[in-house]
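Colleague: Build the 3D model from these lines:
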Amino acid sequence: MPVTVKFCGAAGMVTGSCYLVTHPGGRFLVDCGMFQGSKTLRELNYGAFPFDPTSLDFVILTHAHIDHSGLLPKLYLAGFKGPIYASEATGALLAYVLPDSGHIQESEVNRLNRRNARRGRPSVSAIYTQWDAEAALGHLVPLPFDRWCELGRGLSVRLWNAGHILGAASLEFEITPMANVRSPLRLLFSGDLGPGHKAFEHDPRAPEGLDYLIMESTYGDRARAESEPERRQALLAEEVRAAWAAGGNLLIPAFAIERTQELLYDLTSLFDCGAIPRTNLFLDSPLAIKATGVFQTYLEAPSGGQQKRNPFAGPNIHYVTSVAESKALNRISSGAIIIAGSGMCDAGRIRDHLLHNLWRPEATVLLVGYQAPGTLGSLLLQGVPAVRIRGEEVRVRARIRALDTYSGHASRSDLVRWAKDRFPVRSAIFLTHAEEAARIAMQRALINAGCTRSAVCLPGFDETIELVPNGRPRVLPPEPGSTPRLDRQTLKPTDWHNAYARLLLDFSQTLRKLPGDNEREELINRLQSELVDIPARRHPRRRAG
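Modeller: Got it, this is the predicted structure:
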């Protein structure tokens, strides 16, 4: 029986990481992530898995981010009964990440169902609940770094530090493919790779001399200057001082794991040395607060500085846990730093703070992480004049700023350097976890680094590839009767939901600009006439005779 990999996510997109590996001894998943970004992608979370969950032996995770772990509870609801393997620190973070995800889904669904009831629409159900997530945690089994572990007949794995977030691992597999092949197949999943010089992580490590490499390429089209701690803190200090001078609040949407802790560490350092005013800093994210406790348990001394007794605390730092405390922050109109999730502004408490601050010209929003196309954070980064948040139109008058020095992902030069250290890769490199333009740019960079074009592959979404020993991989045809979950036409950075929101905003602004009510009524009538004519144009009557 051959070894195959089915790319069930993170192929042509930066979300939904999930790889189905089939080998002579069984089958397993690497990651089981939630889809984020456009509504078209998020709707994949509600559909069936493109495999039989009951046929899986286990799941092994690269790290705890929700786009790599977020569908684990759903997998158990669908009949999976095996263990979840992960590093010890990843398991500690998942103890908070998955229940928080379930809680957010329940809250969002409750809010949506109230709106649906008012509109006469049917109610919807959450993908899974907080209880479902807590039940899945009982299946976690920790694995050590830097040591081979047998996971079944003809299958071993070794974890390497990926330098991305606490506990993040690259996964090296040795698989005995067939009885007539003497040496095992050596396969490496990079997971998400860190850029180096991170506050709490060592630079990524991994083996060389592989048969196949499945590699992330999130920033494959992006060069980025080296970001040592001193430079990173200096740039952050400039942004804080500018926000202070503007006279409003500084909002920082941040991922709860690693990004928030890096920001807290740098901000407390800048407060202590007097580089920025000691203003009130509010961490408004229950998940980030819990994750910070995990970091305090596992942390080594940060690179580029001496370890503090508690690098996440100070007299002006306030941890906000309750909803009432969070809402009370809306009464503060200036002088506060508010860090809240989510990092792409698509969920969580940051949306409430944006509702109360985006329209203020004195306010500042500082984006410090990757903003997937179609997300609210991406729209703000593009400079749109208005956005819709929970059905409400909000003008964007705040200062929108961005820092890429806190990225958790390696840049193109980092990725090429890391890949070259893995050479020789005897058969092929598969580029994943990136938008198509980034994958193509990364493919070109690896070819320039010495790879042949045929050895750098761009697997398609839900595509199955046979890993041929000592040869080139082979794309397998779709299984009979299978229906594509997405086609290339719908696999775009934005979708019709984004276009619909843009249309509503543009129409509203156009109406306001017209000189009088007669002109507004004329425009509305013209639009209504177009809507009435659409069915007739789509289904014209056949002429008689």
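Colleague: domain parsing for the protein?
Modeller: The chain breaks down by automatic domain parsing into domains covering 4-222+408-476, 229-402, 504-536.
Colleague: helix/strand/coil for Arg42?
Modeller: helix (DSSP: H, G, I helix; E, B strand; the rest coil).
Colleague: How about it, nearest residue that isn't a chain neighbour?
Modeller: Phe35 (5.6 Å; CB to CB, 6 or more residues apart in numbering). Using the backbone N, CA and C atoms, a C-beta is placed for each residue, glycine as well.
Colleague: quick one, longest helix in the chain?
Modeller: What stands out as the longest helix in the chain, according to DSSP state H, is helix 88-119.
Colleague: centre of the chain versus whatever helix or strand comes next after that one, how much separation?
Modeller: Downstream of helix 88-119, the next assigned helix or strand under DSSP states H and E is helix 130-137. When distances are taken as CA atoms, centre = their mean, to the nearest Å, helix 130-137 is centred 21 Å away from the chain's centroid.
Colleague: Same question for stretch 396-403.
Modeller: Relative to its parent chain, stretch 396-403 has a centroid offset of 21 Å by CA atoms, centre = their mean.
Colleague: what about that stretch, how long is it end to end?
Modeller: Stretch 396-403 has an end-to-end distance of 19 Å (CA to CA, to the nearest Å).
Colleague: and that stretch, which residues are buried?
Modeller: Along stretch 396-403, these residues count as buried under the neighbour rule (16 or more other CB atoms under 10 Å): 396, 398-401, 403.
Colleague: do stretch 276-289 as well
Modeller: Neighbour counts using 16+ other CB under 10 Å place 276, 279, 281-289 of stretch 276-289 among the buried residues.
Colleague: Point out the ones among those that are inside helices.
Modeller: 286-289.
Colleague: Make a markdown table from these and add distance to Glu238 and pLDDT to it.
Modeller: Below are those laid out as a markdown table (distance: CB to CB, whole Å; pLDDT from 0 to 100):
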| residue | distance to Glu238 | pLDDT |
| --- | --- | --- |
| Pro286 | 30 | 92 |
| Leu287 | 29 | 93 |
| Ala288 | 24 | 94 |
| Ile289 | 27 | 95 |
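Colleague: picking up where we left off before, least reliable of the domains of the chain by average pLDDT, please.
Modeller: Least confident of the domains of the chain, judged by mean pLDDT, is domain 504-536 with a mean of 79.
Colleague: Please state the offset of that domain from the chain centre?
Modeller: 38 Å.
Colleague: again with stretch 223-241
Modeller: Relative to its chain's centre, stretch 223-241 lies at 23 Å (CA atoms, centre = their mean).
Colleague: Take that stretch, keep the C-alpha atoms, and write them as PDB.
Modeller: Taking Å, rounded to 0.1, in the frame of the first residue of the first chain, the C-alpha atoms of stretch 223-241 are listed here in PDB:
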ATOM      1  CA  ALA A 223      10.900  40.300   2.400                       C
ATOM      2  CA  ARG A 224      11.200  41.700   5.900                       C
ATOM      3  CA  ALA A 225      14.100  43.300   7.800                       C
ATOM      4  CA  GLU A 226      15.700  41.400  10.600                       C
ATOM      5  CA  SER A 227      13.800  42.200  13.800                       C
ATOM      6  CA  GLU A 228      16.100  42.000  16.800                       C
ATOM      7  CA  PRO A 229      14.500  42.800  20.200                       C
ATOM      8  CA  GLU A 230      16.000  46.300  20.500                       C
ATOM      9  CA  ARG A 231      14.700  47.400  17.000                       C
ATOM     10  CA  ARG A 232      11.300  45.800  17.700                       C
ATOM     11  CA  GLN A 233      10.900  47.700  21.000                       C
ATOM     12  CA  ALA A 234      12.100  51.000  19.400                       C
ATOM     13  CA  LEU A 235       9.500  50.700  16.600                       C
ATOM     14  CA  LEU A 236       6.800  49.900  19.200                       C
ATOM     15  CA  ALA A 237       7.800  52.900  21.300                       C
ATOM     16  CA  GLU A 238       7.400  55.200  18.300                       C
ATOM     17  CA  GLU A 239       3.900  53.900  17.600                       C
ATOM     18  CA  VAL A 240       2.800  54.300  21.300                       C
ATOM     19  CA  ARG A 241       4.200  57.900  21.500                       C
END
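Colleague: tell me the SS of Trp160?
Modeller: strand.
Colleague: you'd agree it is up against Pro207?
Modeller: Yes - using CB atoms under 8 Å, Trp160 is in contact with Pro207, at 7.1 Å.
Colleague: so what's in contact with the two at the same time?
Modeller: Glu172 (CB atoms under 8 Å, 6 or more residues apart in numbering).
Colleague: Between these two, which is the more surrounded one?
Modeller: The neighbour comparison of Trp160 against Pro207 (other CB atoms under 10 Å) goes to Trp160, with 19 against 13.
Colleague: who are the neighbours in contact with the more buried one?
Modeller: 145-146, 169-172, 204-207.
Colleague: partners of it in the sheet?
Modeller: Ser170 (DSSP bridges).
Colleague: From Leu467, how far out is it?
Modeller: The gap separating Trp160 from Leu467 is 20 Å, by CB to CB, to the nearest Å.
Colleague: what's the burial count for Gly481?
Modeller: Gly481 has 5 nearby residues by other CB under 10 Å.
Colleague: which residues does it contact?
Modeller: No contacts exist for Gly481 under CB under 8 Å, 6+ apart.
Colleague: A helix includes it, no?
Modeller: No - checked against three-state DSSP, Gly481 lies outside a helix; its state is coil.
Colleague: I'd assumed Leu188 was in a helix, is it?
Modeller: No - read with three-state DSSP, Leu188 is strand and lies in no helix.
Colleague: Do I have it right that it meets Ala206?
Modeller: Yes - proximity of Leu188 to Ala206 meets the contact threshold set by CB under 8 Å, at 6.2 Å.
Colleague: if we can go back for a sec, now the ones in helices among the buried residues of stretch 276-289 as a markdown table including distance to Leu531?
Modeller: A markdown table is the format used below for these (distance: CB to CB, whole Å):
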| residue | distance to Leu531 |
| --- | --- |
| Pro286 | 44 |
| Leu287 | 43 |
| Ala288 | 45 |
| Ile289 | 48 |
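Colleague: for those residues, which one is nearest Pro184?
Modeller: Closest to Pro184 out of those is Leu287 (39.5 Å), distances taken as CB to CB.
Colleague: residues contacting that closest one?
Modeller: Contacts of Leu287 (CB under 8 Å, 6+ apart): 96-97, 100, 256, 341.
Colleague: Generate a ChimeraX selection restricted to the buried subset of those.
Modeller: Those of these that count as buried under 16+ other CB under 10 Å are selected in ChimeraX with:
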select :96,97,100,256,341
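Colleague: Val294: which of the contacts of Leu287 is nearest?
Modeller: Of all the contacts of Leu287, Tyr96 has the smallest distance to Val294: 7.3 Å, by CB to CB.
Colleague: Count residues in the vicinity of the closest residue to the closest one other than its chain neighbours, would you?
Modeller: Once flanking residues are discounted, Tyr96 sits nearest to Lys290: 4.2 Å by CB to CB, 6+ apart. Neighbours of Lys290 under the rule other CB under 10 Å: 19.
Colleague: Glu521 too?
Modeller: Neighbour tally, Glu521, other CB under 10 Å: 12.
Colleague: ok, it to Glu393 distance?
Modeller: For Glu521, the distance to Glu393 (CB to CB) stands at 21 Å.
Colleague: Helix or strand: which one has Cys32?
Modeller: Using DSSP H and E, Cys32 falls outside every helix and strand.
Colleague: From Tyr76, how far out is it?
Modeller: Taken as CB to CB, the span from Cys32 to Tyr76 is 10 Å.
Colleague: and what of Arg186?
Modeller: In terms of CB to CB, Arg186 sits 31 Å off from Tyr76.
Colleague: again with Pro361
Modeller: 49 Å.
Colleague: And Ala544, what's its pLDDT?
Modeller: pLDDT, read off for Ala544, is 41.
Colleague: related to what we said a few turns ago, could you check which of Pro361 and Tyr76 is surrounded by more residues?
Modeller: For Pro361 versus Tyr76, neighbours defined as other CB under 10 Å are more numerous around Tyr76 (21 against 12).
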